[in-house]
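Q: pasted the sequence and its predicted model underneath.
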Amino acid sequence: MTELPLYTEHHPRWIRRRVSTYWWLGRGSYLVFILRELSSIFVAWFVLYLLLLVRRIGQGEGAYEYFLAWSARPLVLSLNVLSLFFVVFHAVTWFNLAPKAMVVHVGHTRVPGVLIAASNYGAWVVASAIVFWFVLGG
Amino acid sequence: MGKSADRITLQVARYRPEQDVAPSFQEYEVPCPKDWVVLDGLNYVKDRLDGTLSYRWSCRMGICGSCGMTVNGEPKLTCATFLTDYAPGPVRVEPLRNFPIVRDLIVEIGDFMRKLVTVKPWIVRTAEKPLSEGAYRQTPQELEEYKQFSMCINCMLCYAACPIYGLDPHFIGPAAIALAQRYNLDNRDEGNAERLQILSQHEGIWGCTFVGECTKVCPKHVDPAGAIQRYKLDASVEWLKSFFMPRGA
């Protein structure tokens, strides 16, 4: 597109407004968006926490007991409760957005968005049930 | 202020480049019958109160996409926004956000226009079939695939609602991508690969972080956010294909 007219690029009389640094506080949906983006940090923390846990288990019972005691500290516990909130928020918002990105056809009919979101939630419930079964019954 | 039942106050943003250094607000009291939209109020100001007010409009019926403005902080088509919904007022009317202001409520839209043509929003054919073979026929299902995206009227409300476009003016933006998808999903079109080159750049679909406001403000229910996310999926699949099958399948 080299032939595009660029003569309108500079015009000293136009008012160009800067977006405020705090633009995300101006509207509820912008704030939810920023929180959703922020939630990825907590997701990353849970991954790291899981890796640390696996490492401690590998180091033997003493290390595992130490890790449990460390996890019970108020600061770590509060961080994990906060992380759980953000991870659930992350999952719910993305499951709700999934139908926007996924268009599935069965034959000639388009699968309704509600079903795509529901299948994500269904998979979540099944995965959680398997984890519970391992932890409690397995 | 604007309290009387049959009248309402408009607070209209004014910017006269020959005399102002910054936009300011001017108040006008206009009638507020049930069937009056914000645009009717502006036309009343222009005709009866202050002929110097400048704004764009044309069809008055949500087709031309010219009269997009910020009404009480929300991007709206002023021809489809009723004054009574804002009673007792005042109603604040400002130019669309994220675009340079030329005068009063008029914004400079050249950036959008230039971006729009880069995605080739028309049917691209490698070879036209001869006339003797007749028209390109399409089933209702094939039409349904792209119809939603074809409803876009280029009103640019989605650009005004998109914080990404405000922060990064290089972002190609919601409507241009939705219109690219309108043609990509049309079974008569063969321009998918050409558009992918433009749209798969960082300033294309990957600039979008899925705030979703474009879809919320769209007066024609086009769902540009959906179009962009779908395209991200398509572009990723294309990339994987080119990675694993570099010579084409």
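A: Alright, I've got the coordinates. Numbering: from 1, shown residues only, chains lettered A, B, ... in the order given.

Q: the longest helix along chain B vs chain A: in contact?
A: Assignment by DSSP state H gives helix B:224-244 as the longest helix of chain B. Yes: using C-beta under 8 Å from any C-beta of the partner chain, we find that helix B:224-244 touches chain A at B:225-226, B:229-230, B:232-233. All C-beta atoms are positioned from the backbone trio N, CA, C, and that covers glycine.

Q: what's that helix packed up against?
A: With contacts defined as 3 or more C-beta pairs under 8 Å, 6 or more residues apart in numbering or on different chains; DSSP states H and E, helix B:224-244 has these neighbours: helix A:74-101, helix B:174-184, helix B:192-199, helix B:213-217.

Q: buried ones in it?
A: B:224-232, B:234-235 (16 or more other C-beta atoms under 10 Å in any protein chain shown).

Q: only C-alpha atoms, please: export that helix in CSV.
A: Provided in CSV are the C-alpha atoms of helix B:224-244 (Å, rounded to 0.1, in the frame of the first residue of the first chain):
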residue,chain,number,x,y,z
PRO,B,224,-15.8,-7.4,15.9
ALA,B,225,-14.3,-8.9,19.0
GLY,B,226,-15.6,-12.3,18.0
ALA,B,227,-14.3,-11.8,14.4
ILE,B,228,-10.8,-11.0,15.7
GLN,B,229,-10.6,-14.0,18.1
ARG,B,230,-11.8,-16.3,15.3
TYR,B,231,-9.2,-14.9,13.0
LYS,B,232,-6.5,-15.5,15.7
LEU,B,233,-7.5,-19.2,15.7
ASP,B,234,-7.5,-19.3,11.9
ALA,B,235,-4.1,-17.6,11.7
SER,B,236,-2.6,-19.9,14.3
VAL,B,237,-3.8,-22.9,12.3
GLU,B,238,-2.4,-21.5,9.1
TRP,B,239,1.0,-20.8,10.9
LEU,B,240,1.0,-24.4,12.2
LYS,B,241,0.2,-25.7,8.7
SER,B,242,3.1,-23.7,7.1
PHE,B,243,5.4,-24.8,9.9
PHE,B,244,4.7,-28.6,9.5
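
Q: all strands for the chain, in order.
A: Since no chain was named, I'll use chain A. Along chain A, counting by DSSP state E, strands occupy A:105-106, A:109-110.

Q: not quite, I wanted chain B
A: Applying DSSP E to chain B gives strands spanning B:7-14, B:24-31, B:68-71, B:74-77, B:91-94, B:101-103, B:106-107.

Q: between the top helix by length along chain A and helix A:74-101, how many degrees?
A: Of all segments of type helix in chain A, defined using DSSP H, the longest is helix A:28-58. Per axes from the mean of the first three to the mean of the last three C-alpha atoms, to 10 degrees, the angle that helix A:28-58 makes with helix A:74-101 is 120 degrees.

Q: just checking, what packs against helix A:28-58?
A: Using 3+ C-beta pairs under 8 Å, 6+ apart, the elements in contact with helix A:28-58 are helix A:61-71, helix A:74-101, helix B:213-217.

Q: hmm, the longest one in reach of chain B?
A: To tie it back to what came earlier, the one meant is helix A:74-101. Yes: contact between helix A:74-101 and chain B, assessed by C-beta under 8 Å from any C-beta, occurs at A:97, A:100-101.

Q: centre-most residue in chain B?
A: Central residue of chain B (C-alpha atoms, centre = their mean): B:Met156, 2.3 Å from the mean position.

Q: list the contacts for that residue?
A: B:Met156 makes contact with B:65, B:68, B:96, B:99, B:109, B:112, B:175, according to C-beta atoms under 8 Å, 6 or more residues apart in numbering or on different chains.

Q: need the helix or strand of chain B with the lowest average pLDDT.
A: Least confident helix or strand of chain B, by mean pLDDT, DSSP states H and E, is helix B:224-244 with a mean of 88.

Q: hmm, back to that, now the strands of chain A in CSV, with distance to B:Asp20 and mean neighbour count?
A: Output for the strands of chain A, formatted as CSV (distance: least, C-beta to C-beta, whole Å; neighbours: other C-beta atoms under 10 Å in any protein chain shown):
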stretch, distance to B:Asp20, mean neighbour count
strand A:105-106, 55, 9
strand A:109-110, 52, 11
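
Q: nearest to chain B, out of those?
A: Closest approach to chain B among those (C-beta to the nearest C-beta): strand A:109-110, 7.8 Å.

Q: what's the mean pLDDT across that closest one?
A: In this model, strand A:109-110 has an average pLDDT of 81.

Q: please apply the same query to stretch A:21-41.
A: The pLDDT scores in stretch A:21-41 average 91.

Q: next, the buried residues of that stretch.
A: A:24, A:27, A:30, A:33-34, A:36, A:39.

Q: among the strands of chain B, which is the most enclosed?
A: Using mean count of other C-beta atoms under 10 Å in any protein chain shown, the stretch among the strands of chain B with the greatest mean number of neighbours is strand B:68-71 (a mean of 25).

Q: could you pull up the contacting residues of the spatially most central residue of chain A?
A: Central residue of chain A (C-alpha atoms, centre = their mean): A:His90, 3.1 Å from the mean position. Neighbouring residues of A:His90 by C-beta under 8 Å, 6+ apart: A:36, A:39-40, A:42-43.

Q: picking that back up, please report the confidence value the model assigns to the residue nearest to the centre of chain B.
A: If you check B:Met156, the pLDDT there is 97.

Q: ok, now the one 10 residues further on?
A: pLDDT recorded at B:Gly166 is 93.

Q: try A:Leu6
A: Note on A:Leu6: pLDDT of 49.

Q: check B:Pro130 too.
A: 90.

Q: got it, and the one 4 residues further on?
A: What the model reports for B:Gly134 is a pLDDT of 90.

Q: just the one 10 residues further on next, same as before
A: Per-residue confidence (pLDDT) for B:Glu144: 90.

Q: from B:Val119, how far off is it?
A: Separation of B:Glu144 from B:Val119 (C-beta to C-beta, to the nearest Å): 22 Å.

Q: neighbour count winner among these two?
A: Neighbour tally, B:Glu144 and B:Val119, criterion other C-beta atoms under 10 Å in any protein chain shown: the higher count belongs to B:Val119, 24 against 13.

Q: thanks a lot, see you next time.
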